[in-house]
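S.K.: curious how this folds, go ahead:
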Amino acid sequence: MAKDTKERILAAALELFSEKGYAGTNIRELTASLGLVKSSLYKHFESKEQIWNALLDEMIAYYAARFGSPDQLPPVPDSPEALVAMTMRMVDFTVHDEKIVKTRKVLAIEQFRDDRARALASKHFLTGLTEIFTPIFASMMDKGLLRRDDPAMLAFAYTAPISSLIHLCDREPEKTAEALQQVEAFSRHFIRTYGRIVPVTVRKLTAREIPAALDLAWRVFSEFESPDYAPEGTEEFRRCLHDETYLAGIEYYGAFDGEMLVGEIGVRPDKRHICFFFVEGRYHRQGIGTRLFRALLKDYPGQTVTLNSSPYGLPFYKALGFVRTAEEQTVNGIRFTPMIYRPEAENRGLM
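M.R.: The predicted model follows:
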């Protein structure tokens, strides 16, 4: 009960401080808003100053737990598109969470009066965001998702405009939807400017390159698809990679980053069924799979193509234009969903 009362006091203090500031709020107003007498409030806090400091402590913990901090970093995006999605989640939270909005208002008012508020305002309005995104961008550079640059300067360049748009939402709430659109547009502009475009080349593989394609298939399968299968399914896939009868006549296309094979697609001799389609994990979501598929379609225009999608690959194949022809099945431990791509449907705008 005492804890509930203490929390109610801090919530009421945040409300009043965000409207009137610290100096403009007195204990009488605070207790009246809670239906308490002063003596009840003083059981929990000795003074308004103590309430103020407790409120700042709560703000710091609340913000770090929900938004992130240099010590509690959000997961590093695994693609440029994931950076946009993460940014929009963070911004959406910070402009719509009432407690965070009130906290910003308090800091904006009190940064010129209180040293601690000034330090927190600098951190949450500028330096803290740079400190969060600096290691994120450094990791994205290591993954090959952003071109090499100074990650701290890149983080500053990214977060400063976004922070300005967040403050616009506070000043003019009626412009929130427009500001969020600007944030997304800016995030995508940033990616176009600093994102690393992998200079892959796509071509048919020679017979001597097929073993490397099968090794790639096993690596990617083991990392992304095997976890969805029973051991029987993993063993069945491994067996297929060594079954000469199963592999006979498959035609392979490979995607190369320099001389390194980073993706491959294999199609049956009738050119109607894809049996292998894998891209190295660190090259996911960079358009390589799409380029491989387009290379196949270019060689066989107008071709209707089928495949059996793993659970992991289903969203990707849907994005390419494949549609289900049956519900998920399991054969020899392999889980798959039969799918088909009809180019005439795409041409009619049905996909």
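
S.K.: contact partners for the residue nearest to Thr103 when sequence neighbours are not counted?
M.R.: Of all residues not flanking Thr103 in the chain, Met59 sits nearest, at 4.8 Å (CB to CB, 6 or more residues apart in numbering). Bear in mind the C-beta positions are built from the backbone N, C-alpha and C, glycine included. By CB atoms under 8 Å, 6 or more residues apart in numbering, the contact list for Met59 reads 103, 106, 120.

S.K.: in this structure the first one contacts Ala11, no?
M.R.: No: checked against CB atoms under 8 Å, the pair Thr103 and Ala11 is beyond contact range at 11.7 Å.

S.K.: between those two, tell me which one has more neighbours.
M.R.: Thr103 (24 against 16; other CB atoms under 10 Å).

S.K.: what residues are up against that one?
M.R.: Counting by CB under 8 Å, 6+ apart, Thr103 has contacts 14, 18, 59, 62-63, 124.

S.K.: so which of the residues you listed are in helices?
M.R.: Judged by DSSP state H, the subset of those located in helices is 14, 18, 59, 62-63.

S.K.: got TSV for the residues you listed, with pLDDT and distance to Gly195 too?
M.R.: Output for those, formatted as TSV (pLDDT from 0 to 100; distance: CB to CB, whole Å):
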residue	pLDDT	distance to Gly195
Leu14	87	40
Ser18	85	38
Met59	84	34
Tyr62	83	33
Tyr63	79	29
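
S.K.: buried ones among those?
M.R.: Those of the ones in helices among the contacts of Thr103 that meet the buried threshold are 14, 18, 59, 63, by 16 or more other CB atoms under 10 Å.

S.K.: distance of the second one from Ala64?
M.R.: Between Ser18 and Ala64 the distance, using CB to CB, to the nearest Å, works out to 20 Å.

S.K.: the residue most distant from the middle of the protein, which is it?
M.R.: Distance from the C-alpha centroid of the chain peaks at Ser39, with 49.2 Å (CA atoms, centre = their mean).

S.K.: mind putting the contacts of Thr103 in JSON lines, distance to His242 included?
M.R.: Converted to JSON lines, the contacts of Thr103 look like this (distance: CB to CB, whole Å):
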{"residue": "Leu14", "distance to His242": "65"}
{"residue": "Ser18", "distance to His242": "67"}
{"residue": "Met59", "distance to His242": "60"}
{"residue": "Tyr62", "distance to His242": "56"}
{"residue": "Tyr63", "distance to His242": "54"}
{"residue": "His124", "distance to His242": "57"}
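
S.K.: from the chain's centroid, how far away is the host helix or strand of Tyr253?
M.R.: If you go by DSSP states H and E, Tyr253 is part of strand 251-257. Remark: strand 251-257 is offset 28 Å from the chain centroid, using CA atoms, centre = their mean, to the nearest Å.

S.K.: for that strand, packing partners?
M.R.: strand 200-204, helix 210-220, strand 260-267, helix 288-299 (3 or more CB pairs under 8 Å, 6 or more residues apart in numbering; DSSP states H and E).

S.K.: which helices and strands does the shortest one pack with?
M.R.: Using 3+ CB pairs under 8 Å, 6+ apart, the elements in contact with strand 200-204 are strand 251-257, helix 288-299.
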